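**Student:** Quick check, what structure comes out for this input:
(4 chains)
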2 protein chains.
Amino acid sequence: MATGRTHRPATRSRGIPEATVARLPLYLRALTALSERSVPTVSSEELAAAAGVNSAKLRKDFSYLGSYGTRGVGYDVEYLVYQISRELGLTQDWPVVIVGIGNLGAALANYGGFASRGFRVAALIDADPAMAGKPVAGIGVQHTDELEHIIESNGVSIGVIATPAGAAQQVCDRLVAAGVTSILNFAPTVLTVPDGVDVRKVDLSIELQILAFHEQRKAGEEAGPDSGTPAAAVRAAAAVAGDRKGPDGDMPAVMPA
Amino acid sequence: MATGRTHRPATRSRGIPEATVARLPLYLRALTALSERSVPTVSSEELAAAAGVNSAKLRKDFSYLGSYGTRGVGYDVEYLVYQISRELGLTQDWPVVIVGIGNLGAALANYGGFASRGFRVAALIDADPAMAGKPVAGIGVQHTDELEHIIESNGVSIGVIATPAGAAQQVCDRLVAAGVTSILNFAPTVLTVPDGVDVRKVDLSIELQILAFHEQRKAGEEAGPDSGTPAAAVRAAAAVAGDRKGPDGDMPAVMPA
DNA sequence: ATCTGTGAAGCCCTTCACAGCT
DNA sequence: AGCTGTGAAGGGCTTCACAGAT
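**Tutor:** The predicted structure follows:
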């Protein structure tokens, strides 16, 4: 999922499909809520509804973990919470560093979901010397110079990058060199990492652009031609004929060969 | 022009696969960077490297948009920027509201990527009366009471939810009732929406949990090289284990019958 | 009677490999 | 000669539908 990854037929992970892994946290959240309400058992149908998936998918997912249900009855909530937690590696404590304590970094540091489930903010790191020592979310910000030392002395293997795009690759390189093998990247850049390092990215503007695509499609379909969308005028300019074979419109004016 | 107003089989947008749509913003970003460096043309190989995908995939993706390249040469950068922008609906201006101006909401409001590409923060909304009027990112925060009025008078169709989990569904319902048809949800909850409304979710703790899973797997592998057997061995070992066929360990103490 | 666990079918996406332009 | 555009093959995920357990 990271950058260019060479061939690898079938990872010896444990045979759990990536798509399933990505849903386990969803199930876990739903189960935790049930657990807090002291619900003892739950059917695949009920749990699936709570997690927002369909029940066949949920059962298939669980089948990769083992046979944890009881036919005719359902799943034991507490038992499943434990099994999924263990599968996800949440029965241990993961120290995490956040690099880049701007608006977003601070928001992440304050995010409750961190501590609640196996993750502990071990340090906040920023390149601005003026930030050093300032407490954010009850933790003193440390300067980037300390990065390697912090990683090593805390045994950190997960790093969160919340720096500007320009600094992200450099920070990433330093994190990896110091021993980090999993990175959550909030900077709008493609990170290049060595094999064996996992990168996941969260990109706000990409999400919005995907929504815009679907939004545009809705607007175009529901009422035939363009309805009263604001600033739709720009788009009308593209209604010229040309030799390009695009499905809809062409370049406004300038266009090279 | 070639706008096929033919029969619509089902939910197929315009034949552009969802996976392709999700990558268009990535290409767009890479192309924008090239454009700023005044690079006139780029090959599928080069652009793919910059976007972190492989070139066959990129060419296939572009083939859904039309034939925008020149064989033997590559793609014209400016032309592609325009075509992808248009496809994503970024040639028009999308007013967006952000609901929930806590740490995260403020970070989002300050996020530059918003304004830079077709999106405009039309309003910031918070339930706390004490927040009302306070400027965040140069915009005055408005109270939730104004929500419907703001949506309608600004023609907002995209909403961002950055509230606590407990308030998310309620806010969502109000947004939808007021006319919003696309929602970006940062609250750790499954949102229920009517047909025709798109929801995308960004969930920090889920991303971390996925990383933890892989991190755990790495740690487990360097210790003992199990004979490279994916699912088969798991099942084989489990069959011997006894009742429950969990691959590894069982519940510490309590466990149902 | 009920609900899980799972082969099998179907679908979508990715990757390959080469035909077709320039 | 070089690079795009694309049919075809391949792989993974989802959905179906029912056998199997309690």
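**Student:** Do you have the helices of chain A handy? List them.
**Tutor:** Taking DSSP state H as the criterion, chain A carries its helices at A:18-36, A:44-51, A:55-65, A:77-88, A:103-110, A:112-116, A:147-154, A:165-178, A:204-222, A:233-236.
**Student:** would you turn the ones you listed into a markdown table with mean pLDDT?
**Tutor:** A markdown table is the format used below for these (pLDDT from 0 to 100):
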| stretch | mean pLDDT |
| --- | --- |
| helix A:18-36 | 98 |
| helix A:44-51 | 98 |
| helix A:55-65 | 98 |
| helix A:77-88 | 97 |
| helix A:103-110 | 93 |
| helix A:112-116 | 75 |
| helix A:147-154 | 98 |
| helix A:165-178 | 98 |
| helix A:204-222 | 90 |
| helix A:233-236 | 32 |
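**Student:** Of all those, which one comes closest to B:Ala109?
**Tutor:** helix A:103-110 (8.3 Å; Cβ to Cβ). From N, CA and C alone the C-beta is placed, and that goes for glycine too.
**Student:** which phi and psi does the nearest residue to A:Thr144 once chain neighbours are set aside have?
**Tutor:** For A:Thr144, ignoring the flanking residues on the chain, the nearest one in space by Cβ to Cβ, 6 or more residues apart in numbering or on different chains is A:Ala127 at 4.6 Å. Phi and psi for A:Ala127, reported as degrees, to the nearest 10, are phi -80, psi -20.
**Student:** For the helices of chain A, give me a markdown table that also has distance to B:Thr192 and mean neighbour count.
**Tutor:** Formatted as a markdown table, these follow (distance: least, Cβ to Cβ, whole Å; neighbours: other Cβ atoms under 10 Å in any protein chain shown):
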| stretch | distance to B:Thr192 | mean neighbour count |
| --- | --- | --- |
| helix A:18-36 | 13 | 19 |
| helix A:44-51 | 10 | 19 |
| helix A:55-65 | 16 | 17 |
| helix A:77-88 | 22 | 22 |
| helix A:103-110 | 26 | 22 |
| helix A:112-116 | 21 | 15 |
| helix A:147-154 | 41 | 16 |
| helix A:165-178 | 35 | 18 |
| helix A:204-222 | 18 | 20 |
| helix A:233-236 | 33 | 13 |
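**Student:** who touches the lengthiest strand in chain A?
**Tutor:** Longest strand of chain A, by residue count under DSSP state E: strand A:119-126. Under the contact criterion Cβ atoms under 8 Å, 6 or more residues apart in numbering or on different chains, strand A:119-126 has outside partners A:93-102, A:105, A:109, A:114-115, A:132, A:136-137, A:139-144, A:146-147, A:150, A:154, A:156, A:158, B:205, B:208, B:212.
**Student:** repeat that with 6 Å
**Tutor:** Outside strand A:119-126, the residues within contact range by Cβ atoms under 6 Å, 6 or more residues apart in numbering or on different chains are A:93-99, A:101, A:109, A:114, A:136, A:139, A:141-142, A:144, A:147, A:150, A:154, A:156, B:208.
**Student:** follow-up on the earlier one: now tabulate the helices of chain A in CSV and tack on distance to B:Ala49.
**Tutor:** Below are the helices of chain A laid out as CSV (distance: least, Cβ to Cβ, whole Å):
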stretch, distance to B:Ala49
helix A:18-36, 23
helix A:44-51, 37
helix A:55-65, 34
helix A:77-88, 33
helix A:103-110, 27
helix A:112-116, 34
helix A:147-154, 28
helix A:165-178, 14
helix A:204-222, 19
helix A:233-236, 32
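**Student:** Quick one, which of those gets closest to B:Ser43.
**Tutor:** Using Cβ to Cβ, the helices of chain A put helix A:165-178 closest to B:Ser43, at 22.6 Å.
**Student:** ok now the closest one, how far from the chain's centre?
**Tutor:** Relative to its chain's centre, helix A:165-178 lies at 18 Å (Cα atoms, centre = their mean, to the nearest Å).
**Student:** And stretch A:200-217, by the same measure?
**Tutor:** Centroid displacement of stretch A:200-217 relative to its chain, using Cα atoms, centre = their mean, is 14 Å.
**Student:** likewise stretch A:106-120?
**Tutor:** Relative to its parent chain, stretch A:106-120 has a centroid offset of 14 Å by Cα atoms, centre = their mean.
**Student:** Then stretch A:208-221?
**Tutor:** Worked out by Cα atoms, centre = their mean, stretch A:208-221 lies 22 Å from the chain centre.
**Student:** Contact partners for the closest residue to A:Asn54 other than its chain neighbours?
**Tutor:** The shortest distance from A:Asn54 to any non-neighbouring residue, by Cβ to Cβ, 6+ apart, is to A:Ala48 (5.8 Å). Residues counted as contacts of A:Ala48 (Cβ under 6 Å, 6+ apart) are A:Asn54, A:Ser55, A:Leu58.
**Student:** Enumerate the residues of chain A near DNA strand D.
**Tutor:** A:9-10, A:17-20, A:53-54, A:56-57, A:59-60, A:70-73 (Cβ under 7 Å from any atom of the strand).
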